[in-house]
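In: Output the structure for:
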Amino acid sequence: MILFFGTRPGKKETKRLPHVSCSHCGQTGTITAVAQPNYAHLFWIPLFTINNIRYAECSHCKKVYYKEDFTPEMERALST
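Out: Numbering: from 1, shown residues only. Below you'll find the predicted structure:
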């Protein structure tokens, strides 16, 4: 019997953070947050979420903030 088991990324969800300023360049309203889950699948059917990758990027200076680099201002904006 052959089993096809593996991982695959899910659909990206993006959210603009209009009132958050970039700590690198100081521009306000240029931060976009991205969340993308990774799934374990069996026969190309997603079974469960392995992890969820979250990061934010400034469209002005292209600085990338990973989850551990999020400022409290970014955390507040994402929770609403």
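
In: can you tell me the helix or strand for the nearest residue to residue 66 once chain neighbours are set aside?
Out: With CB to CB, 6 or more residues apart in numbering as the criterion, residue 66 has its nearest non-adjacent residue at 5.1 Å, and that residue is residue 55. (Each C-beta comes from the backbone N, C-alpha and C, glycine too.) Using DSSP states H and E, residue 55 maps to strand 45-58.

In: Which strands or helices does whichever helix or strand comes after that strand pack on?
Out: Under the assignment DSSP H and E, the closest C-terminal helix or strand after strand 45-58 is strand 64-66. Packed against strand 64-66 by the contact rule (3 or more CB pairs under 8 Å, 6 or more residues apart in numbering; DSSP states H and E) you find strand 45-58.

In: hey, where'd the strands end up in the chain?
Out: Applying DSSP state E to the chain gives strands spanning 5-9, 13-17, 31-42, 45-58, 64-66.

In: What's the local residue count around residue 64?
Out: As a burial measure, residue 64 scores 11 neighbours (other CB atoms under 10 Å).

In: separation between it and residue 55?
Out: 6 Å (CB to CB, to the nearest Å).

In: that older thread, ok, which of the strands of the chain comes nearest residue 24?
Out: strand 45-58 (6.5 Å; CB to CB).

In: List the strands paired with that closest one, with their directions.
Out: strand 31-42 (antiparallel), strand 64-66 (antiparallel) (DSSP bridges).

In: Comparing those, which comes out most buried?
Out: strand 31-42 (a mean of 16; mean count of other CB atoms under 10 Å).

In: which residues touch that one?
Out: With contact meaning CB atoms under 8 Å, 6 or more residues apart in numbering, strand 31-42 is reached by 3-17, 20-22, 46-59, 65, 74, 77-78.

In: Also stretch 13-25?
Out: Here stretch 13-25 has contacts from 27-36, 56, 58, 60-61, 63, 71, 73-74, 77-78, using CB under 8 Å, 6+ apart.
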